[in-house]
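Chemist: Following is a predicted model, sequence given first.
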Amino acid sequence: MTDEELAMFIGSFFRSIGWGAVAGSGFFLAFTVPAGVIAMAAEGDPRGLLLGLLPFLIGLAGSLAGMIAIGLPLTALLRHMQRERAAIYTAIGTLGGFAMPLLFAGWFEGEFNSGSLWAGLFLGLFGAIAGGVTGNIWGRYRDGIAQHRHDETEPSTNPYHEMIY
């Protein structure tokens, strides 16, 4: 792997996590950012910034955890199978993003009861958005890499035709 390829890999990794966090937390940010700004302006409390950005930070942590736990192992598997497609990454990211908050809510409560189930389902909707966006951005990058690798290794079917045209 060259330095340029490594830079593209790292850049795409963090870009997909960042946009996934923005997409998954955007609904909550619409409420917490104004509340944080009001807290900072009215009381002069710098913790208002933390209040305003807390959903984004939680979404960032969730996207990073999902990318490490699901995305990178899936990348290794799909690369080995030569099946890297953006649609597969998006679908698995959406399902994983939905399941992770649901499982976390059950683990946090110690069992699945009606409260943890509904909280997990509600947060799972936003996790699905974050996972889908993260998977889509990462999948488009990996799909491009796979197409480039396929184009380089594909032998010419008719060398005489290639010489004429």
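Modeler: Okay, I see it.
Chemist: Show me the helices in this structure, by range?
Modeler: Taking DSSP state H to define them, one finds helices in the chain at 3-43, 47-66, 72-81, 86-109, 114-153, 159-164.
Chemist: now those as JSON lines including mean neighbour count?
Modeler: Backbone N, C-alpha and C define where each C-beta goes, glycine included. Supplementary listing: the helices of the chain in JSON lines, determined by neighbours: other CB atoms under 10 Å:
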{"stretch": "helix 3-43", "mean neighbour count": "16"}
{"stretch": "helix 47-66", "mean neighbour count": "18"}
{"stretch": "helix 72-81", "mean neighbour count": "14"}
{"stretch": "helix 86-109", "mean neighbour count": "19"}
{"stretch": "helix 114-153", "mean neighbour count": "18"}
{"stretch": "helix 159-164", "mean neighbour count": "8"}
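Chemist: and these as a markdown table, adding mean pLDDT?
Modeler: Below are the helices of the chain laid out as a markdown table (pLDDT from 0 to 100):
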| stretch | mean pLDDT |
| --- | --- |
| helix 3-43 | 92 |
| helix 47-66 | 93 |
| helix 72-81 | 94 |
| helix 86-109 | 91 |
| helix 114-153 | 88 |
| helix 159-164 | 62 |
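Chemist: Nearest residue to residue 116 in space, please, no chain neighbours.
Modeler: Among residues not flanking residue 116 along the chain, residue 109 sits closest, at 3.9 Å (CB to CB, 6 or more residues apart in numbering).
Chemist: I'd say that neighbour and residue 120 touch.
Modeler: No - proximity of residue 109 to residue 120 does not meet the contact threshold set by CB atoms under 8 Å, at 9.0 Å.
Chemist: Residue 52 reaches residue 36, doesn't it?
Modeler: Yes - if you go by CB under 8 Å, residue 52 and residue 36 touch, sitting 2.5 Å apart.
Chemist: and residue 35, how far is that from residue 47?
Modeler: Remark: distance between residue 35 and residue 47 (CB to CB, to the nearest Å) = 12 Å.
Chemist: and what of residue 146?
Modeler: On the measure of CB to CB, residue 146 and residue 47 end up 46 Å apart.
Chemist: same thing with residue 114?
Modeler: To residue 47, residue 114 is 33 Å away according to CB to CB.
Chemist: Spatially nearest residue to residue 33, not counting backbone neighbours?
Modeler: Closest to residue 33 by CB to CB, 6+ apart is residue 52, at 4.4 Å.
Chemist: for residue 94, same thing?
Modeler: Nearest to residue 94 is residue 132, by CB to CB, 6+ apart, at 3.9 Å.
Chemist: what's the answer for residue 134, then?
Modeler: Excluding its sequence neighbours, the residue lying closest to residue 134 (CB to CB, 6+ apart) is residue 20, at 3.1 Å.
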